[in-house]
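# Predicted coordinates and the sequence they were generated for:
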Amino acid sequence: MTLPGMATGRKPLAIITFSEDPPQEVVERVIAAIEKGVKDQIRRSSRHNSPGGLADSIKVYMSLEGIIIDSDKEYAKQVDEGHGSHTMMNLIGKVIPIKLTSGITIFRKVTLEAIQNGRWRVPGRAGKDYVRQGVQQAVALSGGLMTRYGYDLDDDVDEVFI
């Protein structure tokens, strides 16, 4: 069975471990609470809440490493942690529709020259911190179950699980 994040070899958004092994029914309740909490936080704090968007892509599951929080959206970690300003180099050669305030749509081709002149830059954005806030919501809703088994949240995962 291939789980989210495993097919691409990406790092998951976060891993939750416990100092004591909770019973299976507790794990199932905690997973459901975490998934609900993270999705709720995304829907509240992000423009990425359309059907099929970031909130719908969140998957929480048990693995040998602990409870994994993951998404198949490449931008999930950037939305959670934020990012600095950067040039959209991946757009070179593409034609981009731009809707003006007047309602008219114009089209611009992204050229190397335009990028060299400082165009096609995305401003930096602060992170939404939806993983940590979602887990905190789950801790509150779990009635002390997560605290009882000594949970630890690692949202700076440096391993790739294959």
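Yep, it's here.

# Have a look at this structure and report its longest helix.
As assigned by DSSP state H, the longest helix anywhere in the chain is helix 24-45.

# Follow the chain on from it and name the next helix or strand.
Remark: after helix 24-45, the chain's next helix or strand is helix 54-57, criterion DSSP states H and E.

# Provide the strand pairings for the next helix or strand after that following helix, with the direction of each partner.
Counting by DSSP H and E, the next helix or strand C-terminal to helix 54-57 is strand 58-62. Applying DSSP bridges, strand 58-62 is found paired with strand 67-71 (antiparallel).

# domains in the chain, as residue ranges please.
14-82+125-154, 85-122 (automatic domain parsing).

# Could I get the buried residue list for the shortest one?
In other words, domain 85-122. By neighbour count with 16 or more other CB atoms under 10 Å, domain 85-122 contains the buried residues 91, 110, 115, 120. Placement of C-beta: from N, CA and C, glycine included.

# Would you map the strands across the protein?
Assigned by DSSP state E, the strands in the chain fall at 14-18, 58-62, 67-71, 82-83, 86-87, 95-99, 105-109, 121-122, 125-126, 151-154.

# will you turn those into TSV that also has distance to residue 40 and mean pLDDT?
Output for those, formatted as TSV (distance: least, CB to CB, whole Å; pLDDT from 0 to 100):
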stretch	distance to residue 40	mean pLDDT
strand 14-18	16	91
strand 58-62	10	94
strand 67-71	13	94
strand 82-83	20	88
strand 86-87	29	89
strand 95-99	31	93
strand 105-109	34	96
strand 121-122	27	88
strand 125-126	19	88
strand 151-154	17	86
